[in-house]
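>>> The sequence isn't on hand, but the structure is:
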Ligand SMILES: C[S@@+](CC[C@H](N)C(=O)[O-])C[C@H]1O[C@@H](n2cnc3c(N)ncnc32)[C@H](O)[C@@H]1O
């Protein structure tokens, strides 16, 4: 454990009020314990979102440590500015996909860093704003793009992908048993008119799965939504590329911490370690997960798994 006095503002509870009101950071204390930020250390935040974790690192590595903060969603800029502008030139912010982290780090002369952090997936801002078109709970036009400049959205996939491709995509996201039925229902529904909204899609998927097989704790369309989101944003490909490059950017002994919220991401991270044991040392044998307190405070944290690795010098 890091002693409380070493945490930004001096105590654990002080972290909460400094968070963005629209996104509660997940496993923040645990991330800080692992990254061990102190004056002069430099970090890369691959998935800055509203900037809560970058801010915590910048508070702890003052007066001369820096953080290079990436995010591929240009719409997070306003939130990031309100959290990070106060740090001046110690906070370097770039709108970029983390698949390009090596190129960005080289361009910024930001190599040999002490730590790299990835808090994958989406922020609450993206889930709670229907214009992102990715939420089951907030009806909006189907979209799911992290960056609105991406060529195609979930709308195009849902309304154009052939049935067999939809089935393969769904089965690849662990929707093994009902992938075929869901794909058939989507194709049948769109034959009349395009499927326009997240609400319509959620209902079609839900009706395609017999009630007795509906999962208890998540919506029956959760895996379908995740499969579409991952395909639209090339999430697997971006993560694999980034994991391959992280070792080029960290210094020997540097720390790589990554929080996954779904098993497809976690499998990619575990494979990276399994295939490169000469390069990485695991810092904890099991993933760190949120405690009951955190889950109660922030139910969206419940699926988080933090894995951490040290680059072998
Ligand atoms: C869980 S949020 C991060 C929240 C942040 N750690 C905090 O506590 O304030 C994940 C962020 O990662 C971004 N993201 C997802 N995939 C990305 C990628 N391939 N490259 C860059 N950013 C990505 C999303 O746009 C989102 O803002």
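Nice, I can see it. The model shown is predicted, which means the values in this text are computed figures rather than measured ones. Residues are numbered from 1 along each chain as shown.

>>> which parts of the stretch 101-250 of the chain sit against the ligand?
Taking C-beta under 6 Å from any ligand atom, the part of the stretch 101-250 of the chain that reaches the ligand is made up of 119, 121, 122, 123, 146, 238. No exception for glycine: its C-beta is placed from N, CA and C like everyone else's.

>>> Which of these fall within helices?
Counting by DSSP state H, these place residue 238 in helices.

>>> Could you work out the most separated pair of the residues of the stretch 101-250 of the chain next to the ligand?
123 and 238 (16.4 Å; C-beta to C-beta).

>>> which of the residues in stretch 281-289 are buried?
Judged by neighbour count using 16 or more other C-beta atoms under 10 Å, the buried positions of stretch 281-289 are 287, 288, 289.

>>> Tell me which residues are up against it.
27, 30, 34, 255, 266, 273, 304-312 (C-beta atoms under 8 Å, 6 or more residues apart in numbering).

>>> Farthest-apart pair in the residues you listed, please.
That would be 304 and 312, which, of the contacts of stretch 281-289, are the farthest apart (C-beta to C-beta) at 26.2 Å.

>>> Which one's more surrounded, those two?
More crowded of residue 304 and residue 312, by other C-beta atoms under 10 Å: residue 304, with 22 against 13.

>>> re the thing from before, going through the contacts of stretch 281-289, which ones are buried?
So, by 16+ other C-beta under 10 Å, the buried ones in those are 27, 30, 34, 255, 266, 273, 304-311.

>>> Let's have these in a markdown table, adding secondary structure, distance to the ligand and pLDDT.
Shown next, in a markdown table, are the buried ones among the contacts of stretch 281-289 (DSSP: H, G, I helix; E, B strand; the rest coil; distance: C-beta to the nearest ligand atom, whole Å; pLDDT from 0 to 100):
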| residue | secondary structure | distance to the ligand | pLDDT |
| --- | --- | --- | --- |
| 27 | coil | 9 | 98 |
| 30 | helix | 13 | 97 |
| 34 | helix | 14 | 96 |
| 255 | strand | 16 | 98 |
| 266 | helix | 15 | 97 |
| 273 | helix | 19 | 95 |
| 304 | coil | 9 | 98 |
| 305 | strand | 13 | 98 |
| 306 | strand | 12 | 98 |
| 307 | strand | 15 | 98 |
| 308 | strand | 15 | 98 |
| 309 | strand | 18 | 98 |
| 310 | strand | 21 | 98 |
| 311 | strand | 21 | 98 |
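
>>> Redo the residues you listed as CSV? Include distance to residue 178.
Shown next, in CSV, are the buried ones among the contacts of stretch 281-289 (distance: C-beta to C-beta, whole Å):
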residue, distance to residue 178
27, 32
30, 35
34, 38
255, 40
266, 22
273, 32
304, 26
305, 25
306, 31
307, 30
308, 35
309, 35
310, 41
311, 41
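
>>> Between those residues, which sits nearest residue 93?
residue 255 (21.4 Å).

>>> I'd assumed residue 34 was in contact with the closest one.
Yes - using C-beta atoms under 8 Å, residue 255 and residue 34 qualify as a contacting pair, with a distance of 6.1 Å.

>>> Nearest to the spatial middle of the chain, which residue is it?
residue 120 (1.6 Å; C-alpha atoms, centre = their mean).

>>> list the contacts for that one?
Applying C-beta under 8 Å, 6+ apart, the residues near residue 120 are 47, 239, 258, 259, 260, 261, 265.

>>> The stretch 51-200 of the chain: helices as residue ranges?
Chain-ordered helices for the stretch 51-200 of the chain, with DSSP state H, counting those that start in this stretch as the definition, fall at 52-60, 77-84, 101-107, 124-128, 154-160, 163-171, 179-192, 198-208.

>>> just the stretch 201-313 of the chain next, same as before
Under DSSP H, counting those that start in this stretch, the stretch 201-313 of the chain gives helices at 222-232, 235-249, 263-274, 292-297.

>>> Would you mind pulling the contact partners of the last one?
Going back to what we said before, that points to helix 292-297. 24, 26, 27, 301, 302.

>>> Cool, thanks, talk later.
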